[in-house]
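>>> can't give you the sequence, but here's the structure:
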């Protein structure tokens, strides 16, 4: 089982926002022609940053009673990030929790660290890898009882002092598919005040498939400081191949100190109708790629084309599912499905 824990600690941020104070303040109310000059009357809230329509209330440089610059400064570039984004230099700590003897030549976590490093030329990013030894039955028994508490408790002071903390589980789906394990996960997330937890339900999860999702997370959440709840559909839009492999679960603590859980599933009208797996081979007759499909009122039906078989499937949209318009791609999309959390409230 391979785990990832992201913890970011804020010190200061340089905000990249387009505000009234940066662009000159309030609008001009009216203009009057006076001796061939344009005199601008502005609202009382006008600020000192405007270099064209100044009200003369501050000590500014003028030439012959005219502003130094005859017109506004032209903006010649285009917007390359969202107006809500920031360029953050908040220090980031990446903590990689892995099992003993789990050797790889690389992975999405290492790729993420290399992606973020150029944003911190003077330091401010740290990478730590911790090895857990559960190689014997005696050791594994201890971890099975309170595994999450064991790995998270040493970092509790750091988590509490951080503005946001993110926990990624690049592990097999037993954590989600097993009811007891999933319940323990929810309890630990609330108890340790984790901002957001991301995990997967594939039986044999392949971490490499999560690389685009992690890179999008680093760019949109860690670098541009956008809320993960709002940009998660944009993150998934770059990860449709991940959807062929697994569903994605997002666990977040809400304002009422309870847990909101959302399952994101990739859907394709012929490959994964409404997020369900359609067998490549008919289990009844053995024909491969033999499905004839139809769609009626959002319900997909599939029937084996073998005239001696006629095995069929029906797939309807999950209850209360929402199609993510940001994450559509040529006949496929992501859907969000609410998952009922345990009746837990953070005390």
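Arrived safely. Remember, predicted model here, so these are calculated numbers, not experimental data. Numbering: from 1, shown residues only.
>>> In three-state terms, label the closest residue to residue 227 other than its chain neighbours for me.
Leaving aside its sequence neighbours, residue 227 sits nearest to residue 221 (CB to CB, 6 or more residues apart in numbering; 7.8 Å). (Each C-beta comes from the backbone N, C-alpha and C, glycine too.) Here residue 221 is helix, with the state taken from DSSP: H, G, I helix; E, B strand; the rest coil.
>>> My read is that residue 221 contacts residue 228, right?
Yes: counting by CB atoms under 8 Å, residue 228 is a contact partner of residue 221 at 5.0 Å.
>>> Overlap in contacts, these two.
Here residue 221 and residue 228 share the contacting residues residue 166, scored by CB atoms under 8 Å, 6 or more residues apart in numbering.
>>> Run a quick neighbour tally on the residue nearest to residue 227.
23 (other CB atoms under 10 Å).
>>> Contacts only, for it.
166, 227, 228, 231.
>>> Neighbours of the second one, how many?
Here the count is done by other CB under 10 Å, and residue 227 has 14 residues near it.
>>> Distance-wise, check it relative to residue 127.
From residue 227 across to residue 127, the span is 25 Å (CB to CB, to the nearest Å).
>>> Return the set of residues that bridge with the residue lying closest to residue 167 once chain neighbours are set aside.
Residue nearest to residue 167 in three dimensions, not counting chain neighbours: residue 197, with 4.5 Å by CB to CB, 6+ apart. Taking DSSP bridges as the rule, residue 197 bridges to residue 167, residue 251.
>>> Tell me the secondary structure of the closest residue to residue 235 other than its chain neighbours, please.
Counting by CB to CB, 6+ apart, residue 235 lies nearest to residue 216, which is 4.0 Å off, once chain neighbours are set aside. When classified by three-state DSSP, residue 216 comes out as helix.
>>> tell me the contacts of residue 216?
With CB under 8 Å, 6+ apart, residue 216 has these contacts: 234, 235, 238, 239.
>>> same check, this time on residue 276
Applying CB under 8 Å, 6+ apart, the residues contacting residue 276 are residue 315.
>>> For it, grab phi and psi.
phi -90, psi 150 (degrees, to the nearest 10).
>>> pLDDT score assigned to it?
You'll see residue 276 listed with a pLDDT of 88.
>>> try residue 89
So, for residue 89, pLDDT stands at 67.
>>> And residue 23, by the same measure?
At residue 23, pLDDT is 39.
>>> Next: residue 262.
95.
>>> Quick check, it in contact with residue 249.
Yes: distance between residue 262 and residue 249: 7.2 Å, which falls inside the contact criterion (CB under 8 Å).
>>> So which of these two has more stuff around it?
Set side by side, residue 262 and residue 249 show more neighbours around residue 249, with 21 against 16, by other CB under 10 Å.
>>> Would you double-check that the more buried one falls in a strand?
Yes: when three-state DSSP is applied, residue 249 is found to be in a strand.
>>> List phi and psi for the closest residue to it other than its chain neighbours.
Nearest non-adjacent residue to residue 249, counting by CB to CB, 6+ apart: residue 199, 5.0 Å away. Note on residue 199: backbone dihedrals following degrees, to the nearest 10 are phi -150, psi 170.
>>> got it, and residue 190?
Dihedral angles (degrees, to the nearest 10) for residue 190: phi -70, psi -40.
>>> strands paired with the one helix or strand residue 130 maps to, and their directions?
Take DSSP states H and E as the rule and residue 130 turns out to sit in strand 125-132. Strand 125-132 has its sheet partners listed here by DSSP bridges as strand 92-99 (parallel).
>>> Going by neighbour count, list what's buried in the strand it pairs with.
Using 16 or more other CB atoms under 10 Å as the test for burial, strand 92-99 gives 92, 93, 94, 95, 96, 97, 98.
>>> Let me see the mean pLDDT of it.
81.
>>> Give the next helix or strand downstream of it.
helix 108-116.
>>> Below-threshold pLDDT in the stretch 201-347 of the chain: ranges please.
Where the stretch 201-347 of the chain drops to pLDDT under 70, the residues are 327, 343-347.
>>> Which residue ranges of it form strands?
248-253, 259-268, 291-296, 299-304, 312-315, 322-329, 332-339 (DSSP state E, counting those that start in this stretch).
>>> can I get the ones you listed in TSV with distance to residue 154?
Below are those laid out as TSV (distance: least, CB to CB, whole Å):
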stretch	distance to residue 154
strand 248-253	21
strand 259-268	23
strand 291-296	51
strand 299-304	48
strand 312-315	45
strand 322-329	37
strand 332-339	29
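>>> any idea how far residue 300 is from residue 338?
In terms of CB to CB, residue 300 sits 22 Å off from residue 338.
>>> do the same with residue 284
For residue 284, the distance to residue 338 - CB to CB - is 34 Å.
>>> so residue 204 sits right up against residue 172, yeah?
Yes: using CB under 8 Å, residue 204 makes contact with residue 172 at a distance of 6.1 Å.
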